[in-house]
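> got a predicted structure here, sequence first:
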Amino acid sequence: MLTMFTGVCKHGYDPDHYPALMRKNVGDRIKALRERAGMSQAELARRIHVSRPTITQWESRSTKNIREDNLIALAKAFGISVDELLTGEPPAGTRETRGTYTVNVESRDEELLIQNYRRLGPDDQAGVQRVVDAFARAPQGRKTAK
């Protein structure tokens, strides 16, 4: 089974974010980016460790001040910079680079693993990466052949 994934190269700016970022205010940008990522308010809240009503307040512009730590968490969750979240503009000097990656997914389990990984917050993704790296470095005897 061949699955296409679209992502951003670490050195690049994803122009697909741009329409979502060109909203007039931060609340609209948060909502557009969340919807583009396919996340519910509850899922975003869980990822960045705030309550769902807090997300609702931000998106409905009921609150004008978002704490710095929450802005950082939001930016990480969306894969953008805080400046980009606040201004709607790509960071100066970035190249518009969008990568489409073709991944040979051999089972539904692998596909679900990728989808579930994308739903994790940045700290959990880093933890998963450490575990995978440890298994990849394990002696050959521990690995199973296909």
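Right, received. Where do you want to start?
> find the nearest non-adjacent residue to residue 125, please.
Ranked by C-beta to C-beta, 6 or more residues apart in numbering and with sequence neighbours excluded, the top spatial neighbour of residue 125 is residue 117, at 6.4 Å. Placement of C-beta: from N, CA and C, glycine included.
> how about the secondary structure of residue 138?
The three-state label given to residue 138 by DSSP: H, G, I helix; E, B strand; the rest coil is coil.
> per-residue pLDDT of it, please?
We note a pLDDT of 77 for residue 138 in this prediction.
> could you number the chain from 27 rather than 1 from now on?
Let's use 27 as the start, then, which means that last one is residue 164.
> I'd like the distance between it and residue 158.
In this structure, residue 164 lies at 11 Å from residue 158, with C-beta to C-beta, to the nearest Å as the measure.
> ok so, going back, a helix runs through the residue nearest to residue 151, doesn't it?
Yes - when the secondary structure is assigned by three-state DSSP, residue 143 falls within a helix.
> what segments of the chain are helices?
Taking DSSP state H to define them, one finds helices in the chain at 44-47, 52-62, 67-74, 78-85, 94-104, 108-113, 134-145, 148-162.
> counting by contacts, list what the fifth one packs against.
Based on contacts counted as 3 or more C-beta pairs under 8 Å, 6 or more residues apart in numbering; DSSP states H and E, the elements that helix 94-104 packs against are helix 52-62, helix 67-74, helix 108-113, helix 148-162.
> run the angle between it and helix 52-62 for me.
Using axes from the mean of the first three to the mean of the last three C-alpha atoms, to 10 degrees, the inter-axis angle of helix 94-104 relative to helix 52-62 is 30 degrees.
> fine by me, we can end here.
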